[in-house]
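Asker: Sequence first, predicted coordinates after that:
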Amino acid sequence: MMRVLIPLLTLVLLAGCGPSGGPAAGAPVAPATEANLPVDAAGSAPAYSASEGGVGPVSVETSFSLGAMTALFPGSEVKAAYLGQEGVQTPILTVFGPAELALELQEGDRKGRVGWILVQGGPVVGPRGEAILDPWTRFDFPRKDCVMGADRFRSAALCRRPDAPSLAYVFDIPGLVADGEVLPPDALLTEKAFLQAFLWQAPVAP
């Protein structure tokens, strides 16, 4: 089931604190989208990439553990928590780092591995240089590639590119009262929608 943003429901912090992506399809990748670029690289920026393969250094092969996240995001606060949703307490990891980096991670179908990453803020860009808070008009999603979310994302539109189904773009639509699964009119999306988050989900194992 897709657990889908907008206010985080119940985070019960447990403990533990401690202190990039794939090529674009059909469009040039913005310069400096990886966190490990040399500081003297032309146009370099301390950004992570969100792509079909994962977010920054996190992929389907990454251990779902405090130790792994602390090592991958030095200088960030990493904590274990529970997400309360529909009466179920789901273990999560949160990462809050420099430049307002904000990640939420959950374990996937592969036990002990990351399978779900919600990027809610910070220096993270999509395969075509997309960034959180970019307006709807920055994108070129046809309606057929978008659906209305459920649960946490009930009033948000989730869009995916056919060649990268693991990466969803979560669009907030201020003032929208969700009407089931019906995507709002194009005029409303153009006027109000903006990218609120990236949501990466590991492919379902065959």
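Answerer: Happy to help now that I have it.
Asker: Helices of this structure, start to end?
Answerer: Using DSSP state H, the helices of the chain run over 66-72, 186-192.
Asker: Of those, which stretch is the most buried?
Answerer: Among these, helix 66-72 has the highest mean neighbour count (mean count of other CB atoms under 10 Å), at a mean of 17. To be clear about C-beta, it is placed using only N, CA and C from the backbone, and glycine gets the same treatment.
Asker: Please tabulate the helices of the chain in JSON lines, including the columns distance to residue 162.
Answerer: As requested, the helices of the chain are exported to JSON lines (distance: least, CB to CB, whole Å):
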{"stretch": "helix 66-72", "distance to residue 162": "29"}
{"stretch": "helix 186-192", "distance to residue 162": "19"}
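Asker: Of all those, which one comes closest to residue 200?
Answerer: Checking those against residue 200 by CB to CB gives helix 66-72 as the closest, at 14.6 Å.
Asker: Give me the helices and strands touching that closest one, please.
Answerer: With contacts defined as 3 or more CB pairs under 8 Å, 6 or more residues apart in numbering; DSSP states H and E, the packing partners of helix 66-72 are strand 77-85, strand 88-97.
Asker: Figure out which of the ones you listed is closest to residue 189.
Answerer: Nearest to residue 189, of all these, is strand 77-85, at 26.6 Å by CB to CB.
Asker: the inter-axis angle of the closest one versus strand 88-97?
Answerer: Between strand 77-85 and strand 88-97, the angle comes out at 150 degrees (axes from the mean of the first three to the mean of the last three CA atoms, to 10 degrees).
Asker: starting at the chain centroid, how far to strand 77-85?
Answerer: 16 Å (CA atoms, centre = their mean, to the nearest Å).
Asker: What is that strand packed up against?
Answerer: By 3+ CB pairs under 8 Å, 6+ apart, strand 77-85 packs against strand 10-15, helix 66-72, strand 88-97.
Asker: pLDDT averaged over the second one - what is it?
Answerer: Spelled out, it's helix 66-72. Confidence for helix 66-72, expressed as mean pLDDT, is 96.
Asker: Also the last one?
Answerer: Averaging pLDDT along strand 88-97 gives 94.
Asker: ok, it: who's next to it in the sheet?
Answerer: Within its sheet, and counting by DSSP bridges, strand 88-97 is paired with strand 77-85 (antiparallel), strand 101-107 (antiparallel).
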